[in-house]
Every structure is written in C-alpha cells, then in structure tokens.
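Visitor: Requesting a structural model of the entry that follows:
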Amino acid sequence: MGLDVDSRNCPNFCHARSPTGLEIERSTKQRKEPLRKKSLSNKYAAYYFAGLPIILPFRRRNYGLLAIIVFPAEAMFALLVVDWFPLWLSLRVAAIATVCVLALGTLLAYLLSHKTFRGKHLIDSLITLPLVLPPTVLGYYLLVIAGRASPFGHIYEAIFGQPLVFTWQAAVVAAFLHSAPIYIKAATAVLETVDYRFEWAAQSLGASEWRTFWRVTLPLAWRGLSSLAALSFARSLGDFGVTIMVAGNIPDQTQTLSVAIYDAVESGDGALARMLVLVVSVLALALLWPAAYLSRRNRPATNV
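Guide: This is a model prediction of the structure:
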C-alpha cells in the first residue's frame, strides 16, 4: 500500500532538503582539520626527536652552538665558557699574513705579468713549489731556515730578543707561505687581463711606471685582487700542517683554530671539535661568498 503524503501538509518531514555541495565540502574540511593538525604535529615531533642525537651531545658537554634550537639559555652560556683564544689568534695571524701577501704578492705578480727578465720561469716555478710540496716538507724547510741554529734565526733573535720558531709570529710566516703562492699565481693572471693600451696611454702622457701602476693598473684590476685577498685570508685561516711544525701547539700562545680542532679530536672532545668546525666553516663561507661575487663582476661582459 503506497504512502501518499502531501508535502505541503508535512513541513517537518517532506521539506527536509538534501545538503548542498558547499555544505558537504565544509563538513569534510572540518573533519579533516583535526587529522591535518595531528599529522603536522607528528611531523614536527619526528623532526624534533630525529635532531636530538645531534643536539644533545652539545648540551651534555656545555659546548652547544646548535643546541640554541632547543636549549637557548644553555647554548648562550656554552658560547661564553668556551675558550675563544684560538679563534682570535687565527684572525690576527690571517690578517697580518694577508697584508704581507697583498704587499709582496702584488708586486711579484706585477713583475711576472709585465716584465721579461732572465730567470723569470725559475722564479715562477719556485712560487708554485709550495702548492705541490707536502706541508711537512715546507715546515721542515722553515725550521731549517728560521731555527735558532740558522743565520737568519740568529739575526732575528738578536733583533727581537726571542727565537722565531714556536711563537705566534711563526704562525704568521706559515700562513704567508700557505697563501702567498696561490695569490701570486692568480694575481698574475688578473693583471695580465688589464688592457695594456690604457697603461701605454698613461705613460705616453708622461706618467711614470710607478704612477701608472697605482693610478691605472690597480684600479682596473681591483675587483679581481679584492676577491683574491679574501681567498688568501680564508686560506691563511685554515693552515695546519706548516703551522703545527713551526709554531707548535701551545695553548694560549700558538694554538690556532685548526690546531685547536686537531687537539680537540685527539683528546676525545668531539663536541668542542664539532663546534669549532662549524665556526671555521661559517667564517670561510662568509669570506668566499663576497669573493665569488667580486670575481664574477670582474669578468668582461660578452655579447651572445
């Protein structure tokens, strides 16, 4: 028997409409929202606990630089209790060595790029030699040349009242020897790219060679030389082999950053070693990034 219902007389039953598409979509979003929040919280929790094996060792030994993500108070305290003498010594050594490299290396690069003389290729080979010799060989050469038994060592000790070896000044010499060859080789190539017609024009107008070098050659090559100066500083900052042979590993006297990392690894202090590695990596990146920008800006534009 069929049910004949007049919809006009049954508003509570017959006028019940089906939900629209917008309402269905809204209700679906409301059901999915708690699930979405739960999945996000699970994902962040997974990242958090996955990072704990890396962060917790720093917290345990109070050497936390990465621990600032989870333990900011302890991380800031750890940065204060660490002995930063190797960092400041490395910065001072690298700065002095870079100034010496810029002064002597630029003049040698100018001679090799603009002059022709007897023995030029021999000098170029001697400059390249530290790039291929092991650091221990270079350190031994410095010990023989600058040791207390050598004539140079006697002269240095008579002038300054102390030997050169196993002092922070010896670390400067080691950093200079480590960074000068690559600077001279690259600076020679940079100076050779300077358009010689500008130099000839300056000299034809009465400028001396020295004045032409300062007023014409250097302004045209300053971007490339600035990039090489930053690279030289970064290379001086990371010298290890020559430094440990001629300057040694004396805490608070000759212990540079690279030597401090070696000492931390040898003593089993992995947390300190990781933090110092992170510091020197950030410093090197901060130096190489502008150096790469300057070297790219130094390239001549080409029309395609």
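
Visitor: Roughly how far does residue 171 sit from residue 261?
Guide: Separation of residue 171 from residue 261 (CB to CB, to the nearest Å): 15 Å. Every C-beta, even on glycine, is put in place using the N, C-alpha and C of the backbone.

Visitor: The two: which is more packed in?
Guide: residue 171 (30 against 21; other CB atoms under 10 Å).

Visitor: helices or strands next to the helix or strand that contains the more buried one in the packing?
Guide: Counting by DSSP states H and E, the element that carries residue 171 is helix 168-192. Counting contacts by 3 or more CB pairs under 8 Å, 6 or more residues apart in numbering; DSSP states H and E, helix 168-192 packs against helix 85-100, helix 106-114, helix 120-132, helix 135-146, helix 218-237, helix 241-246.

Visitor: other SSEs contacting the fourth one?
Guide: This points to helix 135-146. Using 3+ CB pairs under 8 Å, 6+ apart: helix 135-146 touches helix 151-160, helix 168-192, helix 241-246.

Visitor: circling back to that earlier point, turn the helices and strands packed on helix 168-192 into a markdown table, columns for mean neighbour count and distance to residue 205.
Guide: As requested, the helices and strands packed on helix 168-192 are exported to a markdown table (neighbours: other CB atoms under 10 Å; distance: least, CB to CB, whole Å):
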| stretch | mean neighbour count | distance to residue 205 |
| --- | --- | --- |
| helix 85-100 | 20 | 32 |
| helix 106-114 | 19 | 18 |
| helix 120-132 | 12 | 29 |
| helix 135-146 | 17 | 45 |
| helix 218-237 | 21 | 16 |
| helix 241-246 | 24 | 46 |
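
Visitor: Nearest approach to residue 290 belongs to which of the ones you listed?
Guide: Across the helices and strands packed on helix 168-192, residue 290 has its closest neighbour in helix 218-237 (6.2 Å, CB to CB).

Visitor: list the helices and strands the closest one packs on?
Guide: helix 85-100, helix 168-192, helix 270-297.

Visitor: which outside residues touch the shortest one?
Guide: What it means is helix 85-100. Helix 85-100 is contacted from outside by 168, 171-172, 175-176, 179-180, 229, 232-234, 236-237, 251-252, 254-260, 276, 279, using CB atoms under 8 Å, 6 or more residues apart in numbering.

Visitor: now with 6 Å?
Guide: 171-172, 175-176, 232-233, 236-237, 252, 255-257, 260 (CB atoms under 6 Å, 6 or more residues apart in numbering).

Visitor: ok, back up a step: want to try JSON lines for the helices and strands packed on helix 218-237, with mean pLDDT as columns?
Guide: Shown next, in JSON lines, are these (pLDDT from 0 to 100):
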{"stretch": "helix 85-100", "mean pLDDT": "92"}
{"stretch": "helix 168-192", "mean pLDDT": "93"}
{"stretch": "helix 270-297", "mean pLDDT": "80"}
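
Visitor: still on that earlier bit, in a markdown table, list the helices and strands packed on helix 168-192 along with distance to residue 203.
Guide: Output for the helices and strands packed on helix 168-192, formatted as a markdown table (distance: least, CB to CB, whole Å):
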| stretch | distance to residue 203 |
| --- | --- |
| helix 85-100 | 29 |
| helix 106-114 | 12 |
| helix 120-132 | 22 |
| helix 135-146 | 39 |
| helix 218-237 | 15 |
| helix 241-246 | 41 |
